[in-house]
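Engineer: what follows is a predicted structure for the sequence shown.
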Amino acid sequence: FLPHLVASLEQVEQTYIMVKPDGVQRGLVGEIISRFERKGFKLTGLKLFQCPKELAEEHYKDLKTKSFYSTLIDYITSGPVVWEGVGVVASARKLIGSTNPLQAEPGTIRGDLAVQTGRNVVHGSDSPENGKRETALWFKEGELCEWTPAQAPWLME
Ligand code: UDP
Ligand code: MG
């Protein structure tokens, strides 16, 4: 099997997954990363990070007018991770579950591990465009890894 048989470049999306501060405090980093690993997504960057206010504001700029914006900014501080793969953006949102953990299905991260919207343990980009934008926001040049997972041909035909 050759890497070029696995996925053409235009099929590859990038998503930005963040274990939020409550997920880090509650010791759920491994559990959450494990779910994406088991699904088969390729990890390309990982860091533990204390998020400055300006970065949190840029990340959530679309929500600036919302009533919960300032509490959301207070809430977000550390623990981002990036994943990429075929169709990863929509698929990751499904693994994560609804924004409100009360509505999130059992089996999803929020359905299994969270109670309230304001403490919903994880973030996932909502579109391929935002996947790119957020990845560029949280990771510098040279912080992402280019590699071919050995399991790739067994996951994708
Ligand atoms: N949030 C909140 N109250 C709300 C809606 C959202 O505190 O009524 C927080 C919550 O942490 C959510 C984040 O703001 O994950 C971003 O909101 P969005 O609608 O983008 O939800 P997501 O994409 O994270 O599911
Ligand atoms: Mg969102």
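Structural biologist: Alright, I've got the coordinates. Ligands and ions are numbered 1, 2, ... in the order given.
Engineer: rounded mean pLDDT for stretch 82-100, please.
Structural biologist: Averaging pLDDT along stretch 82-100 gives 90.
Engineer: is ligand 1 contacted by it?
Structural biologist: Yes. Shown here: stretch 82-100 in contact with ligand 1 (C-beta under 6 Å from any ligand atom) through T99. (Glycine included, C-beta is placed from N, CA and C.)
Engineer: give the buried residues for that stretch.
Structural biologist: Going by neighbour count (16 or more other C-beta atoms under 10 Å), the buried part of stretch 82-100 is 82-86, 88-89, 91-93, 95-97.
Engineer: neighbouring contacts of it?
Structural biologist: Outside stretch 82-100, the residues within contact range by C-beta atoms under 8 Å, 6 or more residues apart in numbering are 7, 11-17, 35-36, 39-46, 104-105, 108-111, 116-117, 120, 122, 124-128, 131, 135, 138-139, 144, 156.
Engineer: next: stretch 124-139.
Structural biologist: Contacts for stretch 124-139 (C-beta under 8 Å, 6+ apart): 13-18, 45, 47, 49, 55, 58-59, 80, 82, 88-89, 92-93, 95-96, 144.
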